[in-house]
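A.B. asks: This is the structure alone, sequence omitted:
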């Protein structure tokens with residue numbers, strides 16, 4: 001897939017510059033170990049799907065343990081000329097997100113000009129897995145992201161409920177808060193779809 005038509009070119013260019021630095025760092029890896037998969041979540045994935053909400057950080061995991069380069073910040077100017085910074089979040093941890101066990105395997109490859117997918121294969125969580133991942137924290141902007149995915153008809157409540165319930169099966173502890181989050185998120189999706197008449 002390619003970035004949504006509403007994705008900001010300046011943001012995409014900055015993201016590509018960041019990914020290129022990672023690609024350069026792993027170029028000497030033996031071919032049998034390539035490509036390295038970089039699965040993007042969070043606000044960066046949201047922007048590529050919807051063109052909404054530009055995130056300052058990139059949340060991603062890799063298919064192998066890699067030594068990341070030091071310089072993973074890219075300064076750029078947005079369409080209004082304002083100075084922006086995009087950085088790779090080295091503290092991102094998917095252990096606290098609600099995530100289906102097949103989320104990384106089911107992720108979608110993102111085609112980016114200038115990135116060699118035979119070396120670094122950039123992928124996005126699917127829309128339903130992206131929405132599911134937002135249920136762990138479930139802040140106001142997570143709810144807004146779920147609504148945005150529904151507005152774009154990228155998710156529906158039945159699919160979100162099914163995927164999130166399956167993901168919940170792999171978790172231990174008191175999951176009542178997560179169950180409540182799933183129900184609320186499904187209502188958000190239904191309400192958004194009703195407002196759009198779809």
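C.D. replies: Alright, I've got the coordinates. Bear in mind the structure is a predicted one, so any value in this text is a computation, not a measurement. Numbers count the residues shown, from 1 in each chain.
A.B. asks: Correct me if wrong, but residue 4 is in a helix.
C.D. replies: No - counting by DSSP: H, G, I helix; E, B strand; the rest coil, residue 4 is located in no helix; its state is coil.
A.B. asks: any idea how far residue 122 is from the most far-flung residue of the chain relative to its centre?
C.D. replies: In the chain, counting by Cα atoms, centre = their mean, residue 30 sits farthest out from the average C-alpha position, at 27.6 Å. Spatial separation of residue 30 from residue 122 under the definition Cβ to Cβ, to the nearest Å is 20 Å. (Glycine included, C-beta is placed from N, CA and C.)
A.B. asks: How about residue 160?
C.D. replies: As defined by Cβ to Cβ, residue 160 lies at a distance of 24 Å from residue 122.
A.B. asks: Ok, residue 136 next?
C.D. replies: When distances are taken as Cβ to Cβ, residue 136 and residue 122 turn out to be 23 Å apart.
A.B. asks: More neighbours: which of those two?
C.D. replies: Set side by side, residue 136 and residue 122 show more neighbours around residue 122, with 25 against 19, by other Cβ atoms under 10 Å.
A.B. asks: can you give me the strands for the chain?
C.D. replies: Applying DSSP state E to the chain gives strands spanning 36-41, 57-62, 73-77, 83-88, 108-109, 120-124.
A.B. asks: Excluding chain neighbours, what is closest to the residue sitting nearest the centre point of the chain?
C.D. replies: The structure's the chain has its C-alpha centroid closest to residue 41; by Cα atoms, centre = their mean the separation is 2.1 Å. Setting aside the residues directly before and after it, residue 41 is nearest to residue 59 in space (Cβ to Cβ, 6 or more residues apart in numbering), at 4.7 Å.
A.B. asks: before we move on, back to that, next one: the residue farthest from the centre of the chain relative to residue 119, how far apart?
C.D. replies: Distance from residue 30 to residue 119, by Cβ to Cβ: 12 Å.
A.B. asks: for residue 178, same thing?
C.D. replies: 37 Å.
A.B. asks: okay, these two: which has more neighbours?
C.D. replies: Counting neighbours by other Cβ under 10 Å for residue 178 and for residue 119 shows that residue 178 has the greater number, 19 against 16.
A.B. asks: who's in contact with that one?
C.D. replies: Residues in contact with residue 178, defined by Cβ atoms under 8 Å, 6 or more residues apart in numbering, are 98, 135-136, 164, 168, 171.
A.B. asks: again with residue 185
C.D. replies: By Cβ under 8 Å, 6+ apart, residue 185 lies in contact with 131, 134-135, 138, 143, 146, 160, 164.
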